[in-house]
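Chemist: could you look at this predicted model? Sequence included:
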Amino acid sequence: MYHFSYNGTAYRDQINHDVNGKPKERYPVVTLVLYFGYKKRWDKPLNLKECFKIPSDLEPFVNDYKVNLFEIAWLPDETINMFKSDFRLVADYFSQKRKNQGYKAPEQDMVHIRAVLELLSAVTQDTRFIDDYNGKIESKGAKRMDAWLDEAENRGYANGFNDGEQKMYQLITSLIKDGKNDEIASVATDEARRSALYRQYNIV
């Protein structure tokens, strides 16, 4: 439903910017929805009519509105290989996670390193992608994704996690792997729940 309201707002904004009551040149609004889930396919409505139980006699009079959805992890390899920008690395990452549960970086350098890592951090909720970025990863020039992941994986253990931070890191990583992202907030705020999860995951 938010998708429809965004488009409506964009059209309304064009109308509000008319000059002296005369319409300026207007443009069609196209919204693309990128779905980064890789454990299951999109299972939400893809058009407005699917959001309601519409009586059959009323259905012909209800205007429909569709979602332009792209399931990134399910894109064919041929489509992913057509990307020439850093987004190819992002799409390939989720495709491999779906098919292999692991990741082997392709032979392509990241150009916009921080932008790629911030996107991956946001959509995976895995803070390794952006933790301690400033000053620890060169932001100028290209860097291979596999080399960066090796650095990120080892950085916490080699460069200063204390015992408590290391336990927290292990717990959050385990929760992410199990798809229990809703538990992460309680880990930070609820000591009893955090202790219970430590025991559950055998983190000592």
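Modeler: Everything's here; your move.
Chemist: does Gly37 touch Leu69 like I think?
Modeler: No - counting by CB atoms under 8 Å, Leu69 is not a contact partner of Gly37; they are 11.4 Å apart. From N, CA and C alone the C-beta is placed, and that goes for glycine too.
Chemist: higher neighbour count, these two?
Modeler: Ranked by neighbour count (other CB atoms under 10 Å), Gly37 and Leu69 place Gly37 first, with 16 against 13.
Chemist: so who does that one touch?
Modeler: 71, 73 (CB atoms under 8 Å, 6 or more residues apart in numbering).
Chemist: and the gap between it and Thr173?
Modeler: Distance from Gly37 to Thr173, counting by CB to CB, to the nearest Å: 19 Å.
Chemist: in stretch 110-129, what counts as buried?
Modeler: Buried residues in stretch 110-129, counted by 16 or more other CB atoms under 10 Å: 110, 113, 116-117, 119-121, 123-124, 126, 128-129.
Chemist: nearest to Gly179 among those residues?
Modeler: Closest approach to Gly179 among the buried residues of stretch 110-129 (CB to CB): Thr124, at 11.1 Å.
Chemist: pLDDT wise, what is Phe61 at?
Modeler: Looking at Phe61, its pLDDT reads 94.
Chemist: then Asn202 would be within a helix, right?
Modeler: No - using DSSP: H, G, I helix; E, B strand; the rest coil, the assignment for Asn202 is coil, not a helix.
Chemist: residues contacting the residue nearest to the spatial centre of the chain?
Modeler: The C-alpha lying nearest the average C-alpha coordinate of the chain belongs to Val123 (CA atoms, centre = their mean; 2.1 Å). By CB under 8 Å, 6+ apart, the residues touching Val123 are Phe36.
Chemist: report the secondary structure state of it.
Modeler: Val123 - assigned by three-state DSSP - is helix.
Chemist: repeat for Pro45
Modeler: Pro45 - assigned by three-state DSSP - is coil.
Chemist: tell me the contacts of it?
Modeler: Counting by CB under 8 Å, 6+ apart, Pro45 has contacts 51, 67.
Chemist: again, only using 7 Å
Modeler: Cys51 (CB atoms under 7 Å, 6 or more residues apart in numbering).
Chemist: show the pLDDT at it.
Modeler: 89.
Chemist: show me what the helix or strand Tyr198 falls within is packed against.
Modeler: Taking DSSP states H and E as the criterion, Tyr198 maps to helix 191-200. Packing partners of helix 191-200 (3 or more CB pairs under 7 Å, 6 or more residues apart in numbering; DSSP states H and E): helix 163-177, helix 184-189.
Chemist: give me the contacts around that helix.
Modeler: Taking CB under 7 Å, 6+ apart as the rule, helix 191-200 contacts 167, 171, 183, 186-187.
Chemist: and those, which is closest to Pro60?
Modeler: Among those, and counting by CB to CB, the member closest to Pro60 is Glu183, at 46.2 Å.
Chemist: what number of residues lie near that closest one?
Modeler: Counted with other CB under 10 Å, Glu183 comes out at 18.
Chemist: is Leu69 part of a helix or strand, or is it coil?
Modeler: Leu69 - assigned by three-state DSSP - is strand.
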